[in-house]
Structure formats: structure tokens, C-alpha cells
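S.K.: model this:
(one chain, ligands or ions: 1)
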Amino acid sequence: MVEEQGHLDTLYEHLDSLREEASGHLSRTLREGGGTPADRSHRDSQAALYTDRIAQYSAVENGLCFGRLDLTAGGGEVRYIGRIGIFDEENDYEPLLIDWRAPASRPFYLATAAAPDGVRRRRHIRTERRTVTGLDDEILDLNEAHETGRGAHDGVTGEAALLSALNASRTGRMRDIVETIQAEQDHVIRADLNGVMVVQGGPGTGKTAVALHRAAYLLYTHRQMLSSRVVLIVGPNATFLRYISQVLPSLAETGVLLGTMGDLFPGVVAHREEPAEIAEIKGRAVMADVLAAAVRDRQRVPDEPLKLRLDLLDGAEVVLDPSVIEDARDRARRTGKLHNLARPTFDTEIIHALSLLIADTIGLDPYADDPLGGGDAPGDPQLLDEADLAEIRRELRGEAEVLAALDWLWPILTPQQLLAGLFASDKRLAAAGADPRLKRAPREGWTPADVPLLDEAAELLGEDETVLEILAERRRRQQVAYAEGALEIAFGSRSIDVEDEDDPELLSVTDLLEADRLAERQDEGEALTPAERAAADRKWAFGHVIVDEAQELSAMAWRLLMRRCPSRSMTVVGDVAQTGDLGGASAWGDALEPYVGARWRLRELTVNYRTPAEIMAVAAGVLAGIDPGLQPPRSVREAGVDPWVRGVAPVKLGDALAEAVEQEAEAAGAGRLGVILPGGTFEDLVPHVRKAAPDAAIGEEPDLTARVAVLTVKQAKGLEFDGVIVVDPERIVEESPRGANDLYVALTRATQRLGILHPGSLPESLLAVVGI
Ligand SMILES: Nc1ncnc2c1ncn2[C@@H]1O[C@H](COP(=O)(O)OP(=O)(O)OP(=O)(O)O)[C@@H](O)[C@H]1O
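M.R.: Numbering: from 1, shown residues only. Below you'll find the predicted structure:
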């Protein structure tokens, strides 16, 4: 311990001086003024670099160093493994701490007694703040292991450290797992960047954790390419994103964009809920054809001739025949351009046709064939020459009536206008071959399932200028925020006490005044970070895309994601047995093959780190009901507590729930309790939960750090709690589009304790499934 404490002290000394150095650079950079635009831009990128660096140093303050490898080779070389790399500048840049992502750290995760890979001893170093509190050693050299009686167990590496992480109380925020990554997870995290990799694994196998660590690993290994092209991580909902949001900064990564499908159309907030059947219809692949037809439907040819009253003719009418409009439409279509971009061609055709009609009206020489005598011979009936016609066309382009007609015949459309127009009209839906159930009231907000449709529409219509506007607005908003953040980091939180991070007092009034000044300066031409630019740019091509809970994605959602990732460098993480949405996948091939054929690879995770064996035995019954061929993941531990099932008279359900909440909240101790209810019972049951736990978090985006949270299965997806109470499993099955899948998800959220509360006695069918 003393030896390790000595090394830890050295590491923290280095960390402090790295932080001081970066803060010094940052404050100097921020205080410099003037110079050319190029100077300013250079300064901005330097400031962003130092800000990032300081954030990374703060993020690794806790658990800076967590491991040590003693190798058999190299005269017993010793490597310390930690959250970042630290080198000794005074000693030829000797590594003092090796980043967990570096190749030299790999044996820490892979070496076993059977394949020690040159490792004699693996040591997990437990720390609290800057103090070593314990050591767990594994001797991988078999001879020595015999002597000490310790060794790798059942394919698990770092068993003591792993079990202590798994048994720890949950906080409502996900933590990183860098100290205890297991071999099968390590293979996924460090897999090659290229191509589509599907990571299939049952509940609790660490898919989310692995996906996030993979992002951190890829950014470390391919920094240059990925930090400019950005890694996109897509999660199922805002609650889930908040749950995982702390993990990446603590892995010391900032060049990542986190979002839900609903966030992926810049400028649109798509959080309205809608019935599952409607979302499913919107997600069908055929919607791409529907939208293409909807666009064609807006390229109108009226049944009747179109009469235009023109100023040019002192209010007289010209009549455009439908066949003329049809010709113009066909020519515009034949350019092969997107709808909005083909409009100028359509305009030119119509204006040309109108100019000829006008020429016929005002330019014909009625006496062309009448010789007037003298030198007048029969001649050209048209008195107007090409210059006159050009003038007529110019005037036509300024005529309000003409412009209105053009807008009516071939309107310039935003994706929002196209979709809103389609959904608002039975006639348009029918013309586009869409399901009539898509009809909705005008001005209802957008839903997540609309986002892939908006994106598809944007592809069909052609780009508008909104991206630039959005960028400008975001830049305005972010300038002040950025400047405040930079100042806070540079001057406000030197001590970097993790506990202080949320303290609003950190930013003083003088800092704010200075922030204003900085914002002004940045106004003169500062660069957004790549992640910010990517968030505002619909056409951004991400360097890598990671999709979590990917089984929920519809065919249309896949189309959008594939467009955002032309390189097809993707990590697709999910579990087809947990699919809840009707439009989601039941086989990975169905979702992926339209884009990559058979060129995707499958990795499986087989060990459940979350749910103890006793609970998994219950969930296994439900899984067998979904598909007898599916294997539940093997639990890595037992909790020593059996799940309980209580059947109570329906009128007593509320009281029984209140009692169970009280009991389980106490059993969860410092941890968290999740209460999973069928959506239709919230109104009746929530007051009972509140009786037992007045501060329980409930609502659209419940605060998961609260001691008790009440959720639907949909909200609970991807989350976990120390204890879970599942209420009315039968109704959960009835209410959810895919029935048993949702019950399987609900039953696998607990890390320690599970209780099932049922109104009336449990029906035979469910008893058999639940198996208690
Ligand atoms: N190697 C590991 N060391 C420590 N904890 C781990 C490890 N792997 C997974 N865990 C923990 O197990 C729990 C489940 O992980 P995670 O949420 O990533 O699983 P999942 O496969 O995404 O589950 P689900 O499909 O149910 O959402 C988390 O608390 C995670 O931190």
C-alpha cells in the first residue's frame, strides 16, 4: 500500500501541474486581443483545446490510477494503468501512467491464468480521492497462484473489483467500467473501426457501457479523423441520455454528440407522443415511396385551364392550358433535379409559354398579309422581336399573379411544409398512397417518428438555408455559454473538487462581465466545435455512429442514420428480445441488409453483470415465452435474495403498493428504487406511491437520481435500479405492442431485489411464465 500511495502521490503532482499549465495557457489566450481574423481563429481553437484539456483533467481526478501490471518480461516491468496517460518529462518521457485505451494496457483486461500474456500479477488499486484504500491482486503465473491460492475465476477478470462494482449502490447515473472491463467486452470496445458491427446481448451484459467505452477508445485511437468528423451516439430517449451523459466526460472524451432519433433533424423539436400503431406506420420503408409521391403530388397540373389577369395586359386575361402546364412540369422533372431545385426550370417554361401567349395577343400584326400598297409586302405576322419578348418575360417575373400561380403549381417547400400538408389532408394522403390513419390535426407538434420522414423529405426537396440560420442562432447562444465556461474553468474551480462541480457560486459576477466581453470578441469570427457544427448540420457525415437500443429503430430511422454515416462505420448495439416498438427489428439482418448486404459482423455478449441469478431465473421464463430458442445471458453473481410475488385484491392494490414501496425503498438503503407501472394505472397508483415516497420522481423525464422513480417500461428501457417493483405484469403485457418483450425488460432492471405485485391471484399462464 505504501509503495502504491507513493506512486499515486507522484501521479497527482503531475496531474496538478498539467492542469496549472493548461489553465495558464488558457487564461493567457483568453486575455489576448486584436490581430487578424486568422489570429483570432487560431486563438479560438487554442482556447477550445485548453478548455477541453482542463475538463479532461478534472474528469479523471477520481480514480486516476486503478491498476498495475507486473510483467514477467523486461526484468519484471511494471505498468500502471489509469484514466489518462502521464509521462515523466524529466526522465525521457518514461510512462508513469498508461491510458486504459493504449495497447500497452490491454493485458490488464485480457490476461488470464490460462493465457497470462506475459503478466505475472494484475493488481486492482482501490482509491478514495487521492488515497489508496485497498489492493486486489491476481497472480496469473500458475505456479505462484498455487502458492497464494488466488487466481482468475470462471473467465472473470479482477473478480473482487468487479463484484464490488456490481454490488455498489446505484446513483441514478451510469458509471464508467474502465477498471473492470471483461475480455468479451474488451474485444468489442477495441474492434476495428471499419464496417458495421452488431453487438447483440441480453439485458445487463454491458452493451451500453461497452458502446460508450468504444466511443472513447475510437476517439483515442483515431483521434485526428474522429475528432473532426465526430462520433454520434444515438439513444432511445432523453431520460436515458441523461443517465449515460456523465460516463463520457469521465472517460475524458468531449468530441462526441449524444442524441435521440427525435433530435436528428436540426431546428425541429420532436418530443410529442403518439400511438404506437401510428409510429409504426411512419417507420415503414414504404414511407420513402409515399413521400416521393407526395412531392410529385405538389407539382400540380389543374384540370381546368388557368386564367391569369395580367397588369402587363392592363388587366386582360391570358389562359394557360393544362397541357402547357403539364409540358412545363415534365420538362422540370426531366432535369432530374430535386423538387425545389427544379423550380427555376418550371418557372422558365411557364414564363416562356406565357410570353408566347402575350405575344400572340399584343404582338400580332393584323395586317401582315394585307399589302398597304407602296413598299409594304406580306411579312412576319409577329411584330415583337426577341428583345421585346425578353422584356415581357422580365416583366412577367415581377407580376404578383404570375408568382402566385407558380407557387401554387410548383411550390417551394420545406420538409415541414410538405409533411404537415400531407398529414393535414385526406386527399393528399390518398394521392401519395399513404395510410389514411396518418391524418392528424393541423399544428400538432412533431414526434420522433416524424424525424426520419422530415429527413427523407429534405432529401427529396433539396436543401434550404435553414442550416445556416440555425448555425447562426446556435453560435449566438453559445458564445456567452462558452465564454462563461472557459472562465469558470480557468479561474473559478482551481481546486477541482468534484463535489463542488454543481455549485452555482463558482461563477462570480466579475466572471460574467468578462464573459460578455469574451462573447463579443468571439462574435468577430469564432469557430464552433465539430460536435456543435455536426448537431446543426443535417448533412453532416459522422466519422462513426453508435446506436444503442438499436432494436427499436424503424426502417425509416435506419435510412436516416445510414445517410448520416456514408462510410458505414457503425456500432449497432441492442437485443432483439427486448424490442418494444412495433416498427423495431426482430432480426438484425432485416434492418441492415438493405444497406450493407451481408457485410456486417456480429459480436455477442453473454454474461449478465446487472441482474442476479435469482431474478434472471424469473425473467428466463418470460424469455422462453417470447422465443424458446433465445438464451438468457448468464448472471455473473447471486444476490442471495429471492424475488417476491404478491397477489392482492384489486381494491387493495394501491395500499399494497404503498407498503411495498416503503419496504423496498428501505431495503435499497443508499441505492435507488424503480417502480414500473403499466401506463394506464398511473393515475390510480401514483398517489399511493407518493404516500410512501413523497419525493418520488414521476413524469415525462423523471429525475433518476431521486431515491424512488416511477416509470413505464418504455421509460425504464436501458436503466437500472438497486430494487425494482413491477406492478400488474399481465397488464404490462396487454398494454404493450409486443407484449412479453416489455415484461422481460421490466423484470431485468434490478441489480439486487425484485418484487412483483399483482391485482388478484396470478393467472396460471403467468405463473408458469414467471416460474415462482
Ligand atoms: N465489466 C464491467 N464491470 C463493471 N460493471 C459492469 C461491467 N459490465 C457491465 N457492468 C454494469 O452492468 C450494468 C449493466 O450494463 P449496461 O446497462 O451497459 O447493460 P445493457 O446490456 O445495456 O443492458 P440492457 O440491454 O438491459 O439495457 C451497468 O451497471 C454496468 O455498469
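S.K.: could you pull out the helices in the stretch 551-700 of the chain for me?
M.R.: 555-564, 588-596, 613-626, 653-668, 682-692 (DSSP state H, counting those that start in this stretch).
S.K.: in TSV: the ones you listed, plus mean pLDDT.
M.R.: Below are the helices of the stretch 551-700 of the chain laid out as TSV (pLDDT from 0 to 100):
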stretch	mean pLDDT
helix 555-564	96
helix 588-596	90
helix 613-626	88
helix 653-668	95
helix 682-692	94
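S.K.: closest to the ligand out of the ones you listed?
M.R.: helix 613-626 (10.2 Å; C-beta to the nearest ligand atom). (Each C-beta comes from the backbone N, C-alpha and C, glycine too.)
S.K.: how about that closest one as CSV, C-alpha atoms only?
M.R.: Written as CSV, here are the backbone C-alpha positions of helix 613-626 (Å, rounded to 0.1, in the frame of the first residue of the first chain):
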residue,chain,number,x,y,z
ALA,A,613,-29.2,-15.2,-11.0
GLU,A,614,-32.3,-15.4,-8.8
ILE,A,615,-34.0,-12.6,-10.8
MET,A,616,-32.7,-13.9,-14.1
ALA,A,617,-34.4,-17.2,-13.4
VAL,A,618,-37.8,-15.4,-13.4
ALA,A,619,-37.0,-13.4,-16.5
ALA,A,620,-35.8,-16.5,-18.3
GLY,A,621,-39.4,-17.9,-18.2
VAL,A,622,-40.7,-14.8,-19.9
LEU,A,623,-37.9,-15.0,-22.5
ALA,A,624,-38.8,-18.6,-23.3
GLY,A,625,-42.3,-17.4,-23.9
ILE,A,626,-41.0,-14.9,-26.5
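S.K.: do it and the ligand meet at all?
M.R.: No. Shown here: helix 613-626 not in contact with the ligand (C-beta under 6 Å from any ligand atom), separated by at least 10.2 Å.
S.K.: which residues touch that helix?
M.R.: For helix 613-626, contacts defined as C-beta atoms under 8 Å, 6 or more residues apart in numbering pick out 202-203, 577, 608, 611, 630, 632-633, 635, 637-643, 740-741, 743-744, 747-748, 750, 754, 756, 768-772.
S.K.: let's see that with 7 Å instead.
M.R.: Applying C-beta atoms under 7 Å, 6 or more residues apart in numbering, the contact partners of helix 613-626 are 577, 608, 611, 630, 632, 635, 638-639, 641-643, 740-741, 743-744, 747-748, 750, 754, 769-772.
S.K.: may I see the buried residues of that helix?
M.R.: The neighbour-count check on helix 613-626 (16 or more other C-beta atoms under 10 Å) flags 614-626 as buried.
S.K.: ok, stretch 694-702 next?
M.R.: Of the residues in stretch 694-702, 696, 697, 698, 702 count as buried by neighbour count, 16+ other C-beta under 10 Å.
S.K.: these: which two are farthest apart?
M.R.: Taking C-beta to C-beta as the measure, these span a maximum distance of 8.4 Å, between 696 and 702.
S.K.: give the residues shared as contacts by the two.
M.R.: Common contacts of residue 696 and residue 702, defined by C-beta under 7 Å, 6+ apart, comprise 709, 710.
S.K.: residues near residue 336, how many?
M.R.: Neighbourhood size, residue 336 [other C-beta atoms under 10 Å]: 7.
S.K.: what's the answer for residue 349, then?
M.R.: Neighbour count for residue 349, taken as other C-beta under 10 Å: 19.
S.K.: contact partners for it?
M.R.: So residue 349 contacts 328, 331, 332 (C-beta under 7 Å, 6+ apart).
S.K.: what about it, which helix or strand?
M.R.: Assessed by DSSP states H and E, residue 349 sits inside helix 339-362.
S.K.: I'd assumed residue 728 was in contact with residue 762.
M.R.: No. The criterion here is C-beta atoms under 7 Å, and residue 762 misses it with residue 728 at 10.5 Å.
S.K.: more neighbours, those two?
M.R.: Counted by other C-beta under 10 Å, residue 762 and residue 728 do not tie: residue 728 has more neighbours, with 23 against 19.
S.K.: and the longest helix belonging to the chain, what other elements does it pack with?
M.R.: Longest helix in the chain, counting residues (DSSP state H): helix 2-31. With contacts taken as 3 or more C-beta pairs under 7 Å, 6 or more residues apart in numbering; DSSP states H and E, helix 2-31 sits against helix 37-59, strand 86-88, strand 94-99, strand 131-139.
S.K.: reformat the buried residues of stretch 694-702 into CSV and put distance to the ligand next to each item.
M.R.: As requested, the buried residues of stretch 694-702 are exported to CSV (distance: C-beta to the nearest ligand atom, whole Å):
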residue, distance to the ligand
696, 22
697, 19
698, 21
702, 17
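S.K.: backbone dihedrals for the residue in the stretch 451-600 of the chain positioned nearest to the ligand, please?
M.R.: Nearest residue of the stretch 451-600 of the chain to the ligand (C-beta to the nearest ligand atom) works out as residue 575 at 5.1 Å. Main-chain dihedrals, residue 575, degrees, to the nearest 10: phi -150, psi 110.
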